[in-house]
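Student: sequence and computational prediction follow.
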Amino acid sequence: LTVIDASGKIPSGILIGNLADLGSYHQCLSIQYLADELEIAGKYCLIHVSLNQNTRIENSQTLDLDKKWPTLENYTSEHIERNLNLKQLAQLISGTENTMTSRAITSNIQSTTTLTLAICVPKVCTPKQVINLIGSLNNINLTFDEYFCRLPNDKPVSIADYISISIFSLILLITIISTSYDLYQTYVLKKENSEIDRLYRSFSIHTNTKRLLSFNYGPGALECVDGIRAISMLWVIFGHTYCLIPLSFVSNAAYILNWLTSFRSIWVNSAPISVDTFFMLSGVLCVYTAIGKISRWKFIKSLHLFYLYRLLRIFPLLAAVILLQASLLHRVSDGPVWTDVGYSTESCRRRWWSALLHVQNYVKPLNMCLQHTWYLSVDVQLYIISPVVIVWLFGSAMVAWCSLVAGVVITLAISSVYSFMYNYSAAIANPRRFDEMRDYFVYYYMNTLPRASPFFIGMLYGYLLHKFKGKNLRMQKSLVATLWTLSIALMAFCIFSIYPIMQVDHDKQMFDNFLNAYMRGIWAMTLGWLIFACVHGYGGPINWFLSLQIWKLPARLSYAMYLIHFPLIMIANGSMTTTLYFNDANIIYRGVSNVVFTILAAFILCVIIDAPFSTVQKFLLEKGKSKPKEINITESQTDIIENNENGK
């Protein structure tokens, strides 16, 4: 009875896309029964059953699904075919495209309209043996394909687990010792901060938490950037929450297709542009933190430090999250669709090196470790080539502007060539063009050159902010009003232009090419004006809103949030034991929970990993240097994504 009870049944709502019944996963795997010295344990399996088949029942009457329900196949086939495309798109985004999920979907099933049903069987049996036995007893001939089977404790311990446990245990031990030392020196011996050894307390939770929660900004700080960074990060999390939902089994899949083309989905369909916000901010800070502090010759001489500080600054958190994904995150939960998390774990065990070397957007880009970190690879690559422009910004203003404009024009030209040559859709989740998405991701979306224009536009604004830094800039109200109106209109265009592209009857490829070529540059230009206006007192309530204290902490945590949010969403989806009903209320609720857990996880990572290693890095690189001030200037260039030390 327990085996039967834990198995799936024919689901309700097939006509609206509910094609799965996942049974009771944990109930099945908990079966342990001893009868006549025979131990019976449960095994959980999923099977694919085609709706397009003839099934013979007990009294030899033929049940022809096509005759009984003549509209069933026609009604569902288009919706389900497109739902499978949605699932494959989600797998493409998450880097799990080559899992058993996609292989089972494209296996030898008679029709794309299939039911995914759970079946609980004894451990020593296969689903075919059980179903064929039941079919022979009841004169039923059922055609189906096996999906996968799971057993209790079927996650073998790997080398990655031993390495992860050893490293994190060592860090935890050092953290406890450092925190104890800090508390003893501070509260028992009553010593001042300057009297306590900085290296010994570098791993102190007490000190690192105080540093993380103190927001003392100096002159010239771009406070409005905190609000932009925090809001963009929230947008990214909600966007990934929505786009990864098809990895799960949705009980109203047909509704997703209607929702994608509706007006209320615009804020999700346009969410990818938030990535260009971070590219633009990287370009701004890359120039703003370097120019005016050292000479051109000193910059060239310290170019190795320019790269070294940047790479070392982002390395600890990235390595920590990769190690977590390769080991511990695979064990925190489980569920019927945990295969996607398992594949991400396997990808990190195989291709961790390409992530740490920031070349994964060119080395098997569809199977990278932490698929969302393609952005970090592109950003680092842009940072590496940025001195080609920066080196011209130290001398004549005319030469500087010419080099900046040349960089923007060249990158826009490259983006135009890619866009008009390949003719991709400007929308990632375009339901009519899912078959193009693989090439779109490889050759355009994760390609450094087509995505470079926002970064170089950011460099232009960084130089503009430098030129007017500390100056009382006066602009005519009519000019300010015109620029704000134009900026808001262009931002609205970048967001809402996605709506006509998502419609079924859209066939204007030139418009798609225009958006792919220039929309990201337009977005960066408008965002640059917003920052410039806020810094020089023309931001009004927008500057007040973006500079609120509520944005300070998520802005500092943004780099850690960016790294850890995707694995957490994958864990949440993989832990689901039932089908999900898709609507905005449910997904927004899940998005809020993803944000909360992401902030908590990011805070822990920053306190235990990021802040300690940042202090140790400064200590080691400054030790023995005669002019540490110049090194600190170089270091400030590295705080581009996370900017944890902004204003200090």
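Tutor: That came through, no problem.
Student: where does the stretch 101-250 of the chain have low pLDDT?
Tutor: Residues of the stretch 101-250 of the chain meeting the criterion pLDDT under 70: 101-112, 137-140, 218-220.
Student: strands of that one, start to end?
Tutor: All strands of the stretch 101-250 of the chain, identified by DSSP state E, counting those that start in this stretch, fall at 114-122, 144-150.
Student: in JSON lines: those, plus mean neighbour count and distance to residue 176.
Tutor: To be clear about C-beta, it is placed using only N, CA and C from the backbone, and glycine gets the same treatment. Shown next, in JSON lines, are the strands of the stretch 101-250 of the chain (neighbours: other Cβ atoms under 10 Å; distance: least, Cβ to Cβ, whole Å):
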{"stretch": "strand 114-122", "mean neighbour count": "22", "distance to residue 176": "44"}
{"stretch": "strand 144-150", "mean neighbour count": "18", "distance to residue 176": "37"}
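Student: including distance to residue 2, could those strands go into JSON lines?
Tutor: Output for those, formatted as JSON lines (distance: least, Cβ to Cβ, whole Å):
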{"stretch": "strand 114-122", "distance to residue 2": "8"}
{"stretch": "strand 144-150", "distance to residue 2": "16"}
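Student: any idea which of those strands gets closest to residue 545?
Tutor: When the strands of the stretch 101-250 of the chain are compared by Cβ to Cβ, strand 114-122 sits nearest residue 545, at 46.1 Å.
Student: against which helices or strands is the closest one packed?
Tutor: In terms of contacts (3 or more Cβ pairs under 8 Å, 6 or more residues apart in numbering; DSSP states H and E), strand 114-122 is packed against helix 2-6, strand 20-21, helix 25-29, strand 38-50, helix 127-138.
Student: gap between that strand and the chain center?
Tutor: 32 Å (Cα atoms, centre = their mean, to the nearest Å).
Student: what mean pLDDT does stretch 544-560 have?
Tutor: For stretch 544-560, the mean pLDDT works out to 94.
Student: now it: buried residues?
Tutor: Buried residues in stretch 544-560, counted by 16 or more other Cβ atoms under 10 Å: 546, 547, 551, 552, 553, 554, 555, 556, 557, 558, 559, 560.
Student: nearest to residue 251, out of the strands of the stretch 101-250 of the chain?
Tutor: For residue 251, the closest of the strands of the stretch 101-250 of the chain is strand 114-122, at 11.7 Å, according to Cβ to Cβ.
Student: residues near the spatially closest residue to residue 515 that is not a sequence neighbour, how many?
Tutor: In this structure, residue 515 finds its nearest non-sequential neighbour in residue 426, 3.8 Å apart by Cβ to Cβ, 6 or more residues apart in numbering. Residue 426: 23 surrounding residues under other Cβ atoms under 10 Å.
Student: and for residue 315?
Tutor: Look at residue 315: counted by other Cβ under 10 Å, it has 13 neighbours.
Student: hang on, it packs against residue 356?
Tutor: Yes. Residue 315 is in contact with residue 356 according to Cβ atoms under 8 Å; the separation is 7.2 Å.
Student: on that earlier part again, which one of the strands of the stretch 101-250 of the chain lies closest to residue 247?
Tutor: strand 114-122 (13.1 Å).
Student: what does the closest one contact?
Tutor: The contact list for strand 114-122 (Cβ atoms under 8 Å, 6 or more residues apart in numbering) reads 2-4, 6-11, 14, 19-25, 27-28, 31, 40-51, 80, 127, 129-131, 147, 249, 336.
Student: now the closest residue to residue 161 other than its chain neighbours: how far from residue 604?
Tutor: Nearest-residue entry for residue 161: residue 327, 4.6 Å, with adjacent residues in sequence omitted and distances by Cβ to Cβ, 6+ apart. According to Cβ to Cβ, to the nearest Å, residue 327 stands 17 Å off from residue 604.
Student: and what of residue 274?
Tutor: From residue 274 over to residue 604 (counting by Cβ to Cβ), the distance is 24 Å.
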